[in-house]
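Peer 1: Provided below are the primary sequence and the corresponding predicted coordinates.
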2 protein chains.
Amino acid sequence: MRTVTTESITQSFIDYMGDDTDERLRFVLESLVKHLHDFARETELTHDEWRKGLELLFAAGNISSPERNEFVLFSDVLGLSSLVDMIHSSDEVTPSSVLGPFHVLGAPELAVGGDMRGDNEGDAVVVSGIVKSDTGMPVEGAVLEIWQTAENGLYSGQDDQQAEYNLRARMTTGTDGVYLFSTVRPAPYVVPEDGPVGELLRATGREPWRPSHLHFIVTASGYWTLVTEVFPSDDPYLDKDAVFGVREKLIMEYQPRNNTEELPDELAIKTALKGQTFYSVQFDFLLKQIHQPEET
Amino acid sequence: MRTVTTESITQSFIDYMGDDTDERLRFVLESLVKHLHDFARETELTHDEWRKGLELLFAAGNISSPERNEFVLFSDVLGLSSLVDMIHSSDEVTPSSVLGPFHVLGAPELAVGGDMRGDNEGDAVVVSGIVKSDTGMPVEGAVLEIWQTAENGLYSGQDDQQAEYNLRARMTTGTDGVYLFSTVRPAPYVVPEDGPVGELLRATGREPWRPSHLHFIVTASGYWTLVTEVFPSDDPYLDKDAVFGVREKLIMEYQPRNNTEELPDELAIKTALKGQTFYSVQFDFLLKQIHQPEET
């Protein structure tokens, strides 16, 4: 396009795409480039600012590795990850929230009622609930992947002092859809600040903190996979989560207790908790059914 | 923001920024994030598409090195680099165009009239013109950095067969503002296709070609630096430059000639060209003066 101008360049980009371009790809790229160009035009982006942006991307590439993805972190702190989650969330079921970079496959199976505490320090918490269909019926055979930080705010995998699957488990529901386990309170933590994302947070006076949470992936045959996190209502960082992961419906109360009588018998540590103060948390998961096309 | 929604998340991002945030940075980030979020909302960007985008960025980081910047190439093929150039170009002077990744510092000084051909194959071209102020006056002491591809479409630095400064020079104008040198015709070439940018170009049926061009950086005391490229009018890729660098005012004609009588005497290869066919190119650079604030 030899006659390209600040206005016509967007259409030139669109015109460059071949007729065989996948329709959805064309639609997404058109929108992406329109917004990218509008951003540059609106801000009259300078060469120095353009260079700075490219430097941040280059630095993100440099600090990224198979174990650390700074681009995902950029997406997180810019709100894009949460936005994509919310766009595809349904109001009738449990909201999804960010997966984060700390999930690993292969955590050991824990029976319903089992103890995930191991030798971790921290207040004991009894977590329980029912995995339900959007119709309200309990879901049998649902599999929950559960992971969380230790008291120091680190996940196993980030921390040499923790065993490979410390504070990680996999649990399968029975006919009643119930899940139940004991653990320690997870801790708030900061997102990695030693890369370009940290630079952005500091330049804009932002908190690097995430409120404490339990991570869950819930899968069951015939249902959409749910990736989510559950937050305690008393966490000081609920209103300033660096990655915008908190949703009203994902906040639960840590109830302080000292009466073990009310605890279900399946709870492995029921007797051990006698005479102690502990917390209990109740949270049901509502899964969205995959509807088959009606037969004709 | 525990009540964050697909709509409110953009304002949440803005509200997160501290009061001490630099005003311009705040303005640029607001615009960036509004457009990023609007893009996701308009396209209802899926998790798979989001993942694919992040994979492309991660791959760009992997293939980038101090010698190759895939992020700059993304900016180039999306039209952002050229757009930023045009936003800050003035109609009254020579338009700027993309710097590209192949400029290196330290090219040897060539006297006005000198020969840059070395032992390169290709048609001889005599390039000349005047470096002028936006007032039309010749600029003395302007420095031109000149670089171009060899006949194989590669720059020195990309190609082990070429000497370090092959087809690169630095020239300083005299009182008449004239620059003049002989070289060989530059060749069209393809942008690197072995990374994620190549994947994008293939998926959208786009040409990876750039029309042939001579690169110039022109600097002079009291003037804004001009980074530009000059294209021959008969190049087959003028209307499909992969990086949108062509501007009407940057197209010049390669005039075929066989009469050396008209050539200036300062041209080192004047005698050698006798009886041969060669090309001549005439292109003046108009530089924009830096205006000092008026004295009060």
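Peer 2: Yes, it's here. Just so it is clear, the model here is predicted, and its values are computed rather than measured.
Peer 1: if I look at residue A:62, how far off is residue A:53?
Peer 2: Using C-beta to C-beta, to the nearest Å, residue A:62 is found at 15 Å from residue A:53. Every C-beta, even on glycine, is put in place using the N, C-alpha and C of the backbone.
Peer 1: do residue A:129 as well
Peer 2: Applying C-beta to C-beta to residue A:129 and residue A:53 gives a distance of 44 Å.
Peer 1: So is stretch A:185-195 next to chain B?
Peer 2: No. Taking C-beta under 8 Å from any C-beta of the partner chain as the criterion, stretch A:185-195 and chain B are apart, separated by no less than 11.4 Å.
Peer 1: Equivalent analysis for stretch A:241-250, please.
Peer 2: Yes. Legend: contact between stretch A:241-250 and chain B by C-beta under 8 Å from any C-beta is shown at A:241, A:244, A:246-248.
Peer 1: Give me the contact list for stretch A:25-35.
Peer 2: A:10, A:13-14, A:17, B:35-36, B:38-39, B:42-43, B:45, B:49, B:78-79, B:203-204 (C-beta atoms under 8 Å, 6 or more residues apart in numbering or on different chains).
Peer 1: Could you tell me which residues make contact with the residue nearest to residue A:104 when sequence neighbours are not counted?
Peer 2: Counting by C-beta to C-beta, 6 or more residues apart in numbering or on different chains, residue A:104 lies nearest to residue A:157, which is 6.0 Å off, once chain neighbours are set aside. Applying C-beta under 8 Å, 6+ apart to residue A:157 gives the contacts A:67, A:102, A:104, A:164.
Peer 1: same deal with residue A:71?
Peer 2: Contacts of residue A:71 by C-beta under 8 Å, 6+ apart are A:60, A:64, B:54, B:57-58, B:61.
Peer 1: so which of the residues you listed comes closest to residue B:290?
Peer 2: Closest approach to residue B:290 among those (C-beta to C-beta): residue A:60, at 34.9 Å.
Peer 1: Is the closest one in a helix, a strand, or coil?
Peer 2: Secondary structure, DSSP: H, G, I helix; E, B strand; the rest coil: residue A:60 is helix.
Peer 1: In contact with the residue lying closest to it once chain neighbours are set aside, which residues?
Peer 2: Counting by C-beta to C-beta, 6+ apart, residue A:60 lies nearest to residue A:70, which is 4.0 Å off, once chain neighbours are set aside. Neighbour list for residue A:70: A:59-61, A:63-64, A:192, A:195-197 [criterion: C-beta under 8 Å, 6+ apart].
Peer 1: again with residue A:47
Peer 2: By C-beta under 8 Å, 6+ apart, residue A:47 lies in contact with B:84-85, B:88.
Peer 1: mind listing what's buried in whichever strand or helix holds residue A:42?
Peer 2: If you go by DSSP states H and E, residue A:42 is part of helix A:23-43. Within helix A:23-43, the residues scored as buried using 16 or more other C-beta atoms under 10 Å in any protein chain shown are A:26, A:28-41, A:43.
Peer 1: again, but for stretch A:207-217
Peer 2: Within stretch A:207-217, the residues scored as buried using 16+ other C-beta under 10 Å are A:208-217.
Peer 1: Now render these as JSON lines, adding distance to chain B.
Peer 2: Compiled in JSON lines, the buried residues of stretch A:207-217 are given as follows (distance: C-beta to the nearest C-beta, whole Å):
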{"residue": "A:208", "distance to chain B": "11"}
{"residue": "A:209", "distance to chain B": "12"}
{"residue": "A:210", "distance to chain B": "13"}
{"residue": "A:211", "distance to chain B": "9"}
{"residue": "A:212", "distance to chain B": "14"}
{"residue": "A:213", "distance to chain B": "12"}
{"residue": "A:214", "distance to chain B": "16"}
{"residue": "A:215", "distance to chain B": "16"}
{"residue": "A:216", "distance to chain B": "17"}
{"residue": "A:217", "distance to chain B": "13"}
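Peer 1: which ones among those residues are found in strands?
Peer 2: In strands, defined here by DSSP state E, the members of the buried residues of stretch A:207-217 are A:209-210, A:214-217.
Peer 1: how about the helices in the stretch 151-296 of chain A?
Peer 2: Assignment of helices within the stretch 151-296 of chain A using DSSP state H, counting those that start in this stretch yields the ranges A:196-203.
Peer 1: Low-confidence stretches in it?
Peer 2: A:292-296 (pLDDT under 70).
Peer 1: give me that answer again for 90
Peer 2: A:157-158, A:291-296 (pLDDT under 90).
Peer 1: Name the nearest residue to the residue of it found nearest chain B, ignoring sequence neighbours.
Peer 2: Nearest residue of the stretch 151-296 of chain A to chain B: residue A:205, at 2.1 Å (C-beta to the nearest C-beta). Once flanking residues are discounted, residue A:205 sits nearest to residue B:18: 2.1 Å by C-beta to C-beta, 6+ apart.
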